[in-house]
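S.K.: Could you work out the structure for the sequence below:
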Amino acid sequence: MAGRLRRLGGVAFRQQKWKSSLSTQAKMPPCDFVPEKYESYPYERMQKIREQNIAPSLKTYYKRPLLLHQGHMQWLFDHEGRRYLDLLAGIVTVSVGHCHPKVTMATQKQLARLWHTTNIYMHPAIHEYAEKLTSLFPDPLKVVYLTNSGSEANDLAMFMARLHTRNFDIICLRGGYHGGSPYALGLTSLTSYKHGVANGFGCTTGVNGAVQYPRNFLKEAYQLIRERGGLCISDEVQTGFGRTGSHFWGFQTHGVVPDIVTLAKGIGNGFPMAGVVTTKEIASSLAQNLHFNTFGGNPLACVAGAAVLEAIEEDDLQKNSEDVGTYMLLELAKLRDKFEIVGDVRGKGLMIGVEMVTDKDSRRPLPAEEISQIWEDCKDMGVLIGRGGLYSQTFRIKPPMCITKRDVDFAVEVFRTALQRHVNKAAAK
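M.R.: Numbering: from 1, shown residues only. Alright, predicted model coming up:
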């Protein structure tokens, strides 16, 4: 231990001091990983750069934004060496764990071999990955077009559907979010993402807080669309790659096969990659004229994607999502039964939403400032969670799929403590 303290300098001491302040509330599970000493700019200089040189639309979480330095599986470390349990996974992007050794080693090896070549040439990685990825889909979804982001994938899916059907209008769900590009924003009805200019013409309306479809909803919706000559697109950007636990893809839980599937986020465990999977017939519609992507399917991305698929299988992460996710849902349900302000606990696998209300009878959203304080308290106790819902009233819990039941016990206890603090403050007023 003395050697470890010497390597970390003052960082280890600060972390130990910080952890001791939590001992009366919740005991953070042990972690053998030792972060490197932070040696970049001071926090204050980072803040100044943020104010002067980074677009103000790129907002940060928390009153005092975190300055993150390093990650290891389900854990994040800030510039002072403080450790946090990441229950948001880089907005549902880190699937197999921060800096997963298999993905890290694969990308490091490819970095030394070939970073980039466009699709005008062949290279092994894209062909190997395309075969692995499409093998996980039912027939006839066997053709993939690789892109760089979920927004781009959803844009392309809409474009493909319009080309193939020669129809124009698109129907999506209120409260859903499918990307930040001007085209994809047309699929979004959340006012916080709207900027008062026209976008996404022909779209009629996620981030809504892990809301599950009613039984048979998708089957009936798909039937109605197809009877009218339409195509059905499944956005698996967050629900894919085993996160729901029972199945590898979210659409499989409803017994349907879409015409087009979009993928991103967990596909690369944080590497910027995405894709559209569809039938050969629909994909051929795009081949009528030139459509080109410079970076999509580059060697580095494909190697990262293949390593992610291997890690999911080798670490049995789909099963872990089911087991740990079910355990977490049941533990959070106990808090719903105890606290009047917890209106609902819902989800599947490691996609969970906790809806906050003023009371269970009215189900009015808990005021934003009260939700923010609970959120801040959780962060101060070492747990990072997200926000969502039409009124930002739902806590989003979507951690890396390597999370353990011991981590869940810690997270639930932290959340319980934060809720109890809120109740105590309200009673004292």
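
S.K.: Can you pull out the low-pLDDT segments for the stretch 1-150 of the chain?
M.R.: 1-24 (pLDDT under 70).

S.K.: All the helices of it, residue numbers only.
M.R.: For the stretch 1-150 of the chain, applying DSSP state H, counting those that start in this stretch gives helices covering 2-8, 10-20, 43-53, 89-92, 101-111, 124-134, 150-165.

S.K.: Mind listing what's buried along the fifth one?
M.R.: What that stands for is helix 101-111. Applying a neighbour-count criterion of 16 or more other Cβ atoms under 10 Å, one finds 102-103, 106-107, 110 buried in helix 101-111. Every C-beta, even on glycine, is put in place using the N, C-alpha and C of the backbone.

S.K.: returning to that earlier point: reformat the helices of the stretch 1-150 of the chain as a markdown table; add distance to G206.
M.R.: Formatted as a markdown table, those follow (distance: least, Cβ to Cβ, whole Å):
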| stretch | distance to G206 |
| --- | --- |
| helix 2-8 | 41 |
| helix 10-20 | 35 |
| helix 43-53 | 28 |
| helix 89-92 | 11 |
| helix 101-111 | 27 |
| helix 124-134 | 23 |
| helix 150-165 | 11 |
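
S.K.: Let me know which of the ones you listed is the nearest to A287.
M.R.: Nearest to A287, of all the helices of the stretch 1-150 of the chain, is helix 150-165, at 9.9 Å by Cβ to Cβ.

S.K.: Partner strands of the next helix-or-strand element following the closest one, with direction?
M.R.: Where DSSP states H and E defines the elements, the next helix or strand beyond helix 150-165 is strand 170-171. Sheet pairing of strand 170-171 (DSSP bridges) gives strand 203-204 (parallel).

S.K.: need the next SSE after the strand it pairs with, C-terminal direction.
M.R.: Per DSSP H and E, the first helix or strand lying C-terminal to strand 203-204 is helix 217-227.

S.K.: C-alpha coordinates for that following helix, CSV please?
M.R.: As requested, C-alpha coordinates have been extracted for helix 217-227 and formatted as CSV (Å, rounded to 0.1, in the frame of the first residue of the first chain):
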residue,chain,number,x,y,z
PHE,A,217,-48.0,-2.6,-29.8
LEU,A,218,-45.1,-3.0,-32.3
LYS,A,219,-46.7,-6.0,-34.0
GLU,A,220,-49.8,-4.0,-34.7
ALA,A,221,-48.0,-0.9,-35.6
TYR,A,222,-45.7,-2.7,-38.1
GLN,A,223,-48.8,-4.4,-39.7
LEU,A,224,-50.5,-1.0,-40.1
ILE,A,225,-47.4,0.6,-41.7
ARG,A,226,-46.7,-2.3,-44.0
GLU,A,227,-50.3,-2.5,-45.2
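
S.K.: Show me the contact partners of the helix or strand following it.
M.R.: Toward the C-terminal end, the helix or strand that comes next after helix 217-227 (DSSP H and E) is strand 233-235. With contact meaning Cβ atoms under 8 Å, 6 or more residues apart in numbering, strand 233-235 is reached by 150, 154, 157-158, 161, 176, 178, 249-251, 256, 258-262.

S.K.: picking that back up, what's the closest of the buried residues of helix 101-111 to K132?
M.R.: A106 (12.8 Å).

S.K.: how near is that closest one to H79?
M.R.: 28 Å (Cβ to Cβ, to the nearest Å).

S.K.: Just give me the closest of the contacts of strand 233-235 to G240.
M.R.: W249 (5.4 Å).
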